[in-house]
Every structure is written in C-alpha cells, then in structure tokens.
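Student: With the input below, show me the fold.
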Amino acid sequence: FTGRARFVGLEGEGEAVIGRVETVRADYSKRLALHRENLSAITSRAGWNFLSHRTDRPPEMALLSLYLTLSGSLGRLP
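Tutor: The predicted structure is shown next:
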C-alpha cells in the first residue's frame, strides 16, 4: 500500500486519513500479525480452527479452505 488512504470505522468510530500510508506500513503489519496470532490462540484454546480470507481473493478460496477444514482433509492434499 502506498499513497493516501482513508480508513472509515464500521461501527461509528469515525475515520482517519493517512497522507502516506507507506509511513505506517511496518507498524500496521506488525499489529495485524499480532492480532491474527491472538485470534488464532483464542480459537485454538476453544478447539476451533482459525481461517482468514482476503477480500481481494476469490470467495471460492475461502469456501474451499472451510470445506477442507470441516471435512478433515486439510493437510492431506498432495
């Protein structure tokens, strides 16, 4: 991500405009990775799997991951 970006809260938190997102890229990436690790730990303790999906990818990829996880096939593909 480069350039100017506007982040809009989905639950009324307001918005933030960052003039050069490349200046916050490293911190944002670290915080996102930590958040994902924490979510994974929470789901693991509950006996669940943690799957994520990026909205710039086809939805079929998320559905396939979900199907393979629920069917117990994940990790057994050639």
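
Student: remind me, longest helix of this structure?
Tutor: Assignment by DSSP state H gives helix 25-45 as the longest helix of the chain.

Student: show me where pLDDT drops low in this protein?
Tutor: Residue ranges of the chain with pLDDT under 70: 73-78.

Student: Which stretches in it count as strands?
Tutor: Counting by DSSP state E, the chain has strands at residues 5-8, 15-18.

Student: Minimum distance to residue 48: which of these has it?
Tutor: Residue 48 sits nearest to strand 5-8 of all the strands of the chain, at 28.7 Å, using Cβ to Cβ. The C-beta positions use only the backbone N, C-alpha and C, and glycine is treated the same way.

Student: who's in contact with the closest one?
Tutor: 15-18, 21 (Cβ atoms under 8 Å, 6 or more residues apart in numbering).

Student: now those residues in TSV, with distance to residue 33?
Tutor: Shown next, in TSV, are the contacts of strand 5-8 (distance: Cβ to Cβ, whole Å):
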residue	distance to residue 33
15	24
16	20
17	24
18	19
21	17
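
Student: any idea which residue sits dead centre in the chain?
Tutor: Centroid-nearest residue in the chain: residue 52, 5.2 Å away (criterion: Cα atoms, centre = their mean).

Student: do you know how far the residue nearest to that one when sequence neighbours are not counted is from residue 49?
Tutor: Nearest in space to residue 52, with sequence neighbours left out and distances taken as Cβ to Cβ, 6 or more residues apart in numbering, is residue 36 at 6.7 Å. Here the criterion is Cβ to Cβ, to the nearest Å. By it, residue 36 lies 13 Å from residue 49.

Student: Residue ranges of each domain in this structure, please.
Tutor: Following automatic domain parsing, one gets these domains for the chain: 1-47, 49-78.
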